[in-house]
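Visitor: Using only what follows, build the 3D model:
(chains A, B, C and D)
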There are 2 protein chains.
Amino acid sequence: MPMGLTADELRQLDSFVDERRRIKRGERLYAAGSTFDALFTVRLGSLKTAVLFEDGREQVTGFHMLGELIGLDGISTEAHTCSAHALEDSEVCLLPFSRLEDFSRRIPALQHHVHRLLSSEIVREQHNMLLLGTMRAEEKLASFLLDLSDRYLRRGYSASEFVLRMTREEIGSFLGLKLETVSRLFSRFQEAGLIIAQQKYIKILDANGLRQLIGPPD
Amino acid sequence: MPMGLTADELRQLDSFVDERRRIKRGERLYAAGSTFDALFTVRLGSLKTAVLFEDGREQVTGFHMLGELIGLDGISTEAHTCSAHALEDSEVCLLPFSRLEDFSRRIPALQHHVHRLLSSEIVREQHNMLLLGTMRAEEKLASFLLDLSDRYLRRGYSASEFVLRMTREEIGSFLGLKLETVSRLFSRFQEAGLIIAQQKYIKILDANGLRQLIGPPD
DNA sequence: CCAGACGCTTGATTTTGCTCAACAACCGAG
DNA sequence: CTCGGTTGTTGAGCAAAATCAAGCGTCTGG
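Guide: Below is the predicted model:
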């Protein structure tokens, strides 16, 4: 959280980001409907969040990696509307929300930062809506790969070579596609020389080629 | 904004929600990319918000009626990521955001309310993602009608009879469908005796029937 | 280290919603 | 009131992705 706080303010903040929680691969951090009292930041590993439908259908709303904040949906009704699961053995940091509210009344820079974080989540979701509502399967998967690549890069990992933490089914759910479609597209991208995809291992050979896939189909 | 403020606090608040703006049908309240400095609440009429894609595709992210708040996406980068257009002659109320931040540092109840509003928007968008990602055309349109119906009801209008403010194309964009599909579905719903749809006029004859359309296709 | 479950791939077929196209109804400006 | 543009309806054919199905690879937990 680098955001122009004084050393003193930072020390204050430190006092409340102490509690951590470990979650094993597949385990749940919180369920939809459970009471909300804290936000979480990813310290290690990665997680997915998903909203559930009565009939069992689920929509993955995001994959979250190091440094990302989850649980913002819980503020509105004091109950989480989505569930969060670890994609691999992970660790999160708890941020008790009422304490965060107290602090942010006293520290304007923090207050503004909290507002920005909430708003960023809105923007991120708008982006996903654009993807789900207007893109064809090929474009969706290309966007997905480029987004992942960019996020790995910004965390100091390779932008062109990485190991997926999620299954084809989870990717499909996130993109509004079936797992078979995702699988076929990985194969097609590979045949086209854009990527190498061997199960979870992905190597991007031609990022610009992927970028060009995104656009009107002429 | 009924949220447990004291009379004095309410008076303070009043002092900054004075400025209003009229927007004629089809006019733009703000464009994607324009600088953000205030939120807006709908006082009269209705608006749509939409995100744009470089190639011209647009995704309608919401239809907004009396009392609803728009512009929350602008907080994160001080620039709007979506554009807002009036669906009919409308009027909005300006809420200068930096003043709102000042007030909410002094009034904890307001601070919490602001957080809840931001979070509600996240939840609303998650709901849209579920709709866009997992539902079939028929389910999407049924959900859309039931949602509209519910919102009219809560504003004291008829839940079963109303006039759409948006075109088939805008509905389609919101639901991730083409306008022809929307039109055909209205006709099918009418044949099935679920609704009467004559252009913009809609009468819901069998709300439960619509509800039953939403669910796994067995 | 092995067995079994889970995840992935690929093919054949079907379904859904899109595209293209023509026309009808409506609305608002003059 | 009428004309012209916009919005809505409907049809035929088509393309994209879903479904159904079979088989294989590979992790992983005992």
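Visitor: domain parsing for chain A?
Guide: Domains of chain A are assigned by automatic domain parsing as A:7-131, A:136-213.
Visitor: nearest to residue B:195, of the ones you listed?
Guide: Of all the domains of chain A, the one in closest proximity to residue B:195, counting by Cβ to Cβ, is domain A:7-131 (22.8 Å). For every residue, glycine as well, the C-beta is placed using N, CA and C.
Visitor: Now the terminal residues of stretch A:38-51, how far apart.
Guide: Chord length of stretch A:38-51, first to last residue, is 19 Å (Cα to Cα, to the nearest Å).
Visitor: near chain B at all, that stretch?
Guide: Yes. On the criterion Cβ under 8 Å from any Cβ of the partner chain, stretch A:38-51 is in touch with chain B at residue A:51.
Visitor: That stretch: how far from the chain's middle?
Guide: From the chain centre to the centre of stretch A:38-51 is a distance of 8 Å (Cα atoms, centre = their mean, to the nearest Å).
Visitor: which one's the longest helix in chain A?
Guide: In chain A, taking DSSP state H as the definition, the longest helix is helix A:108-134.
Visitor: and that helix, does that touch DNA strand C?
Guide: No. Legend: contact between helix A:108-134 and DNA strand C by Cβ under 7 Å from any atom of the strand is lacking; minimum distance shown is 9.2 Å.
Visitor: what's the angle from that helix to helix B:108-134?
Guide: 20 degrees (axes from the mean of the first three to the mean of the last three Cα atoms, to 10 degrees).
Visitor: Any buried residues in whichever helix or strand comes after helix A:108-134, and which?
Guide: From helix A:108-134 onward toward the C-terminus, using DSSP states H and E, the following helix or strand is helix A:137-154. Residues of helix A:137-154 classed as buried by neighbour count (16 or more other Cβ atoms under 10 Å in any protein chain shown): A:137-146, A:148-149, A:151-152.
Visitor: any chance of those in JSON lines, with distance to residue B:72 and pLDDT too?
Guide: Shown next, in JSON lines, are the buried residues of helix A:137-154 (distance: Cβ to Cβ, whole Å; pLDDT from 0 to 100):
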{"residue": "A:137", "distance to residue B:72": "31", "pLDDT": "98"}
{"residue": "A:138", "distance to residue B:72": "32", "pLDDT": "97"}
{"residue": "A:139", "distance to residue B:72": "27", "pLDDT": "98"}
{"residue": "A:140", "distance to residue B:72": "26", "pLDDT": "98"}
{"residue": "A:141", "distance to residue B:72": "29", "pLDDT": "98"}
{"residue": "A:142", "distance to residue B:72": "29", "pLDDT": "98"}
{"residue": "A:143", "distance to residue B:72": "24", "pLDDT": "98"}
{"residue": "A:144", "distance to residue B:72": "25", "pLDDT": "98"}
{"residue": "A:145", "distance to residue B:72": "29", "pLDDT": "98"}
{"residue": "A:146", "distance to residue B:72": "26", "pLDDT": "98"}
{"residue": "A:148", "distance to residue B:72": "27", "pLDDT": "97"}
{"residue": "A:149", "distance to residue B:72": "29", "pLDDT": "97"}
{"residue": "A:151", "distance to residue B:72": "24", "pLDDT": "96"}
{"residue": "A:152", "distance to residue B:72": "29", "pLDDT": "96"}
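Visitor: Go through those and name the one nearest residue B:158.
Guide: residue A:140 (39.1 Å).
Visitor: Is residue A:40 in contact with residue A:94, as I believe?
Guide: Yes. Counting by Cβ atoms under 8 Å, residue A:40 touches residue A:94, with 6.2 Å between them.
Visitor: Tell me where chain A has strands.
Guide: A:20-23, A:28-30, A:38-44, A:47-52, A:58-64, A:69-70, A:83-86, A:90-96, A:161-163, A:195-198, A:201-204 (DSSP state E).
Visitor: Between residue A:40 and residue A:94, which contacts overlap?
Guide: By Cβ atoms under 8 Å, 6 or more residues apart in numbering or on different chains, residue A:40 and residue A:94 have these common neighbours: residue A:21.
Visitor: right, is stretch A:54-64 up against chain B?
Guide: Yes. Counting by Cβ under 8 Å from any Cβ, chain B has neighbours in stretch A:54-64: A:54-59, A:61.
Visitor: Next, the contact list for residue A:193, please.
Guide: Residue A:193 neighbours (Cβ under 8 Å, 6+ apart): A:205-206, A:209.
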